[in-house]
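[1] Here is the input, now give the coordinates:
(one chain, ligands or ions: 2)
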Amino acid sequence: MAKTYTFSMIKPDAVESGYIGLILDKITSSGFKIIAMKFTQLSSREAEKFYDIHKTKPFFGELIKFMTRGPIVAMILEKDNAVDDFRTLIGSTNPEQAKEGTIRKLFASSVGENAIHGSDSDENAKTESFFHFSGREIF
Ligand code: DAT
Ligand code: MG
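    Ligands and ions are numbered 1, 2, ... in the order given. Model prediction:
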């Protein structure tokens, strides 16, 4: 099967709650291969750039404050049908609407603090991956 890729971040809420290991286990046991990974913290400028598409939304300020308040785990994941399969694995944006067994259902507390990011298209997966990683950090 063709190799495809998605970009993900374990968000500050899930890191603070000690869920990094459990979430990584869920990701790898669902067939995703980690080909890049770093533990880092976004500056406001970086978070604003990453979420530029949402800059006119009423929750933008809250989103930037949340995403910069502590470290995140950024990663690039490889799998066939990576983008769609990963969105299925993480569940709906609002954890209350997320299906049983999804990462957001298991580990997220609210729509604003929803534990994990997953790219929504192949194009965005590529842009987001190269926003966070250089070529020599991808294996
Ligand atoms: P997703 O992360 O599922 O792709 P999105 O791209 O629509 O969702 O929004 C990006 C992030 O912005 C989302 O993960 C959390 C935040 N967000 C979205 N809708 C929100 C809302 N109604 N209130 C607060 N934060 C919200
Ligand atoms: Mg999105």
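[2] what about the nearest residue to Leu89 once chain neighbours are set aside, distance to ligand 1?
    With sequence-adjacent residues excluded and distances taken as C-beta to C-beta, 6 or more residues apart in numbering, Leu89 is closest to Ser30, at 5.4 Å. Yep, even glycine has a C-beta here, placed from its N, CA and C like the rest. For Ser30, the distance to ligand 1 equals 17 Å [C-beta to the nearest ligand atom, to the nearest Å].
[3] Work out which residue lies at the spatial centre of the protein.
    By C-alpha atoms, centre = their mean, the chain has its centre lying nearest to His117, at 2.3 Å.
[4] got a list of contacts for the host helix or strand of that residue?
    His117 is located in strand 116-118, with elements delineated by DSSP states H and E. For strand 116-118, the surrounding residues in contact (C-beta atoms under 8 Å, 6 or more residues apart in numbering) are 6-11, 14, 23, 83, 86-87, 89-90, 103-104, 107-108.
[5] In helices, which of those appear?
    Cross-referencing the contacts of strand 116-118 against helices under DSSP state H gives Ala14, Ile23, Val83, Phe86, Arg87, Leu89, Ile90, Ile103, Arg104, Phe107.
[6] List only those of those residues flagged as buried.
    Taking 16 or more other C-beta atoms under 10 Å as the criterion, what is buried in these is Ala14, Ile23, Val83, Phe86, Arg87, Leu89, Ile90, Ile103, Arg104, Phe107.
[7] List the residues that contact the nearest residue to the last one once chain neighbours are set aside.
    Closest residue to Phe107 apart from its sequence neighbours, by C-beta to C-beta, 6+ apart: Ala115 at 4.4 Å. With contacts defined as C-beta under 8 Å, 6+ apart, Ala115 is in contact with 10-11, 13-14, 19, 23, 90, 95, 103-104, 107-109.
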